[in-house]
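Student: Take this sequence and fold it.
(one chain, ligands or ions: 2)
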Amino acid sequence: MGSKYILETKQLNVGYGPIHVIYDLDFKVPDGEVTIVVGPNGVGKTTLLKAVMGLATVYSGEVHFNGENISDLPPFERTKLGIGYMPQTGNIFSKLSVAENLKMAAYTVSDADMIQDKLEFVFNLFPQLKGFMPRPAGTLSGGERQMLAEGMVLMRDPKIMMVDEPTAGLMPKLVNDVMRQLAAMAEETGLPIVLIEQRARRALAVGDYAYMMRGGRFTFEGDAEGLLNHPQLSEMYLGAVEVRELKTIKE
Ligand SMILES: Nc1ncnc2c1ncn2[C@@H]1O[C@H](COP(=O)(O)OP(=O)(O)OP(=O)(O)O)[C@@H](O)[C@H]1O
Ligand SMILES: [Mg+2]
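Tutor: Ligands and ions are numbered 1, 2, ... in the order given. Take a look at the predicted model:
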């Protein structure tokens, strides 16, 4: 097919029932690169990933993966094709052990040897996980949980990995660890990654390509470095500060 984009949406309109969230979106993800999507709260970043997975109502438009129109496929078929998705919340089973989580995650892989191979691959990337295997996943720290959640997606041998705000709710010190892990993963695996982040500057520092989303539309598309130096980015931060101040005043 020869498209340089592994994932592409065409004029995508998405919502929840009558609530229209995403408008005419052309989202293009270059193969083998790290693509960052930033934007304030509630603009539709998670909704975009859900639409790619088949988990939100698409009013019109198409989703293409590896040059194939997958718009009509149910979510599990998209997973089987290799679209890896780490949701923003609820991405691990906290009562189950780390080992059980990783094995459950490999439900699309039927071959036992292959599961073992994937486990080795995940341990290679995240050596700490090996020592956590018998522990209930709910006892892991925030950063360790993110590691497990990423490991779970990798167990399914994805061809792309979409990660929704992996640093949400983490202490600043852990944010750097998680970003570093992701950058290392991208480097070692060569997997194309879509990373949604509120911590825009740090994410853009590890990204190649970038989008800024506002009100369900892209207001910037280009090199990650270009967005780092763009006034829109400072505006977004200023916006966030304003919201925080308003909240404090109200309290
Ligand atoms: N299941 C749902 N039903 C109705 N509206 C929804 C649903 N999920 C999200 N929305 C609305 O859609 C809009 C976009 O939400 P979305 O979760 O995509 O934002 P986001 O950019 O990921 O925000 P954040 O940075 O806070 O995660 C919001 O106004 C939200 O309230
Ligand atoms: Mg979100």
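Student: Quick check: closest non-adjacent residue to the most centrally placed residue in the chain.
Tutor: Centre of the chain computed as the mean C-alpha position; nearest residue by C-alpha atoms, centre = their mean is Val163, 1.5 Å away. The shortest distance from Val163 to any non-neighbouring residue, by C-beta to C-beta, 6 or more residues apart in numbering, is to Met86 (4.6 Å). From N, CA and C alone the C-beta is placed, and that goes for glycine too.
Student: how close does the one you found get to Leu154?
Tutor: 10 Å (C-beta to C-beta, to the nearest Å).
Student: tell me, what's touching those two both at once?
Tutor: Taking C-beta atoms under 8 Å, 6 or more residues apart in numbering as the contact rule, Met86 and Leu154 both touch Met161.
Student: Just the pLDDT for the residue of the chain found nearest ligand 2.
Tutor: Nearest residue of the chain to ligand 2: Thr46, at 3.2 Å (C-beta to the ion). Note on Thr46: pLDDT of 96.
Student: chain center to the host helix or strand of it: distance?
Tutor: Using DSSP states H and E, Thr46 falls within helix 45-53. Between the centre of helix 45-53 and the centre of its host chain there is 9 Å, according to C-alpha atoms, centre = their mean, to the nearest Å.
Student: didn't the residue of the chain closest to ligand 2 look like it was pressed against Ile196?
Tutor: Yes - counting by C-beta atoms under 8 Å, Thr46 does reach Ile196; the two are 7.0 Å apart.
Student: Compare the two (neighbour count), which wins?
Tutor: Ile196 (24 against 19; other C-beta atoms under 10 Å).
Student: Grab the nearest non-local neighbour of Glu33.
Tutor: Asp208 (4.0 Å).
Student: coming back round to it: check the residue nearest to Val163 and give its pLDDT.
Tutor: pLDDT, Met86: 93.
Student: so does the helix or strand harbouring the residue nearest to the centre of the chain get close to ligand 1?
Tutor: Here Val163, judged by DSSP H and E, is contained in strand 160-164. No - Strand 160-164 is not in contact with ligand 1 by C-beta under 6 Å from any ligand atom; minimum separation 7.2 Å.
Student: Only the buried residues of that strand, if you could.
Tutor: For strand 160-164, burial by neighbour count (16 or more other C-beta atoms under 10 Å) applies to 160-164.
Student: what about that strand, near ligand 2?
Tutor: No - for a cut-off given as C-beta under 5 Å from the ion, strand 160-164 has no contacts with ligand 2; the smallest distance is 5.9 Å.
Student: burial count for Phe76?
Tutor: 12.
Student: quick one: pLDDT of it?
Tutor: For Phe76, the model assigns a pLDDT of 93.
Student: What of the one 3 residues further on?
Tutor: Looking at Thr79, its pLDDT reads 94.
Student: Right, I'll leave it there.
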